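Q: the sequence and its predicted three-dimensional model are supplied below.
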Amino acid sequence: MKQPLSDHDFSSDEAEENYFVSLSDLMTGVLFIFVILTTALALHYHLKAGELSELTKRAADAQDEANHSKTEAEKSRVEADKSKSESARVREALDALAKVLREREQMRKAELSLLVQHLRDSKLRLTVELDDTNGILRLPERLLFRNGEAELQDEAAAALKLLARMLRPVVQKGCGDSALKWEAVYIEGHTDNVPIHTEAFASNWELSTARAISTFNALVEHQPILGNLLNHQGKAVLGISGYGAQRPVAENDSEGGRQKNRRIDIRFVMAYPSKAEIEAMEKQIEAAAKTDDAPKR
């Protein structure tokens with residue numbers, strides 16, 4: 001016969017039941033916390049993955065930008081080298097042109113210095129001056145004309161005959177195959193600033209021009225070839241001009257200064273390199289540049 005359950009037995013069962021209920025609640029709580037942590041971890045991972053993806057994209061963009069910059073830098077270097085090469089060729093062309101002009105300037109000075117020396121050493125001992133900077137042979141008024149006149153004095157004939165004879169080879173040389181080239185040889189008339197107004201000459205312009213014409217005619221009369229010589233462009237090399245008082249070489253405030261200004265100038269104008277000469281220099285420079293650019297073995 002079973003014994004009836006005592007109060008003690010009921011108490012023990014309830015306690016055991018309560019224990020399992022508490023344990024179940026605890027496990028549920030732990031599981032809930034685990035789920036929350038897992039969710040938080042997943043969210044954190046997702047955020048970090050997004051950041052990593054953004055950083056990777058930025059790094060790729062930066063690399064692309066760096067590659068582009070490198071390519072542009074290489075292009076700029078190539079262009080700079082090309083420009084440097086072009087600049088070098090331009091400098092060479094200018095140096096070649098300057099060299100030609102310097103050589104012609106030196107030849108002009110040498111030719112005119114020799115001409116003046118021959119005139120001074122001649123029997124007539126012609127008193128001529130030389131402006132070698134501007135290439136001018138200067139004849140004073142007293143050698144050729146009386147004051148206010150454009151007709152040559154009798155004693156001027158011998159001087160101009162000698163001058164024409166010595167002038168001819170100098171002018172011919174600058175019109176031929178020599179490196180010396182004349183653009184023009186001008187017979188220039190100049191006066192002082194004292195106004196003139198006569199039946200023959202209305203002003204100093206007319207007087208200076210008439211004197212230049214008289215000198216030109218005398219030179220060509222003694223050496224006709226002078227009037228037929230042509231420059232490298234096929235134009236007459238000998239010409240005339242009259243400047244009146246517009247180009248003084250001394251002050252006009254004294255008789256000595258005015259006397260210096262009354263003169264005939266023979267101006268030797270050098271020719272610049274012709275188009276053919278410039279093209280020849282350009283070809284030489286281009287050929288030299290191609291040789292320099294050729295790969296070395």
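A: Cool, got the structure.
Q: pLDDT below threshold where in the stretch 1-150 of the chain?
A: 1-23, 26, 80-86 (pLDDT under 70).
Q: again, only this time at 80
A: Within the stretch 1-150 of the chain, the ranges that satisfy pLDDT under 80 run 1-35, 37-70, 72-94, 96-97, 100.
Q: one more: the stretch 151-297 of the chain?
A: By pLDDT under 80, the weakly predicted segments of the stretch 151-297 of the chain are 273-297.
Q: ranges for the helices of it?
A: Here the stretch 151-297 of the chain has its helices, by DSSP state H, counting those that start in this stretch, at 156-173, 204-222, 255-261, 275-293.
Q: can you tell me which of those is most buried?
A: helix 204-222 (a mean of 21; mean count of other Cβ atoms under 10 Å). All C-beta atoms are positioned from the backbone trio N, CA, C, and that covers glycine.
Q: also compute the angle for that one relative to helix 156-173, please.
A: Interaxial angle of helix 204-222 relative to helix 156-173 (axes from the mean of the first three to the mean of the last three Cα atoms, to 10 degrees): 80 degrees.
Q: just checking, what packs against helix 204-222?
A: The contact analysis (3 or more Cβ pairs under 8 Å, 6 or more residues apart in numbering; DSSP states H and E) places helix 204-222 against helix 141-144, helix 156-173, strand 182-190, strand 238-242, strand 263-270.
Q: please write out the alpha-carbon positions of it in PDB.
A: Taking C-alpha atoms only, helix 204-222 is exported to PDB below (Å, rounded to 0.1, in the frame of the first residue of the first chain):
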ATOM      1  CA  ASN A 204      69.100 121.500-100.700                       C
ATOM      2  CA  TRP A 205      67.200 118.400-101.800                       C
ATOM      3  CA  GLU A 206      67.700 119.400-105.500                       C
ATOM      4  CA  LEU A 207      71.300 120.400-104.900                       C
ATOM      5  CA  SER A 208      72.300 117.100-103.200                       C
ATOM      6  CA  THR A 209      70.500 115.000-105.800                       C
ATOM      7  CA  ALA A 210      72.100 116.900-108.700                       C
ATOM      8  CA  ARG A 211      75.600 116.400-107.200                       C
ATOM      9  CA  ALA A 212      74.900 112.700-106.800                       C
ATOM     10  CA  ILE A 213      73.900 112.500-110.500                       C
ATOM     11  CA  SER A 214      77.000 114.400-111.600                       C
ATOM     12  CA  THR A 215      79.200 112.000-109.600                       C
ATOM     13  CA  PHE A 216      77.400 109.000-111.000                       C
ATOM     14  CA  ASN A 217      77.700 110.100-114.600                       C
ATOM     15  CA  ALA A 218      81.400 110.800-114.200                       C
ATOM     16  CA  LEU A 219      82.100 107.400-112.700                       C
ATOM     17  CA  VAL A 220      80.100 105.600-115.400                       C
ATOM     18  CA  GLU A 221      81.700 107.700-118.100                       C
ATOM     19  CA  HIS A 222      85.200 106.600-117.000                       C
END
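Q: how far away from the center of its chain is that helix?
A: Its chain's C-alpha centre and that of helix 204-222 lie 41 Å apart, by Cα atoms, centre = their mean, to the nearest Å.
Q: ok, stretch 202-217 next?
A: 41 Å.
Q: stretch 48-68 now?
A: Worked out by Cα atoms, centre = their mean, stretch 48-68 lies 49 Å from the chain centre.
Q: the helix or strand encompassing L41 vs strand 263-270, what angle?
A: Using DSSP states H and E, L41 maps to helix 7-121. Relative orientation of helix 7-121 versus strand 263-270 (the same axes, to 10 degrees): 130 degrees.
Q: after helix 7-121, which helix or strand is next? Please name it.
A: Where DSSP H and E defines the elements, the next helix or strand beyond helix 7-121 is strand 129-131.
Q: does anything pack onto that following strand? Which helices or strands?
A: Contact here means 3+ Cβ pairs under 8 Å, 6+ apart; on that basis strand 129-131 packs against helix 7-121, strand 136-140.
Q: show me the contacts for the residue nearest to D192 when sequence neighbours are not counted.
A: The shortest distance from D192 to any non-neighbouring residue, by Cβ to Cβ, 6 or more residues apart in numbering, is to R258 (3.7 Å). Going by Cβ atoms under 8 Å, 6 or more residues apart in numbering, R258 touches 192-194, 250, 252.
Q: swap in Y186?
A: Contact partners of Y186, counting by Cβ under 8 Å, 6+ apart, are 239-241, 265-267, 269.
Q: mind doing that once more with 10 Å?
A: Neighbouring residues of Y186 by Cβ atoms under 10 Å, 6 or more residues apart in numbering: 136, 212, 216, 237-241, 265-269.
Q: now the buried members of those residues.
A: Among the contacts of Y186, those classed as buried by 16 or more other Cβ atoms under 10 Å are 136, 212, 216, 237-238, 240, 265-269.
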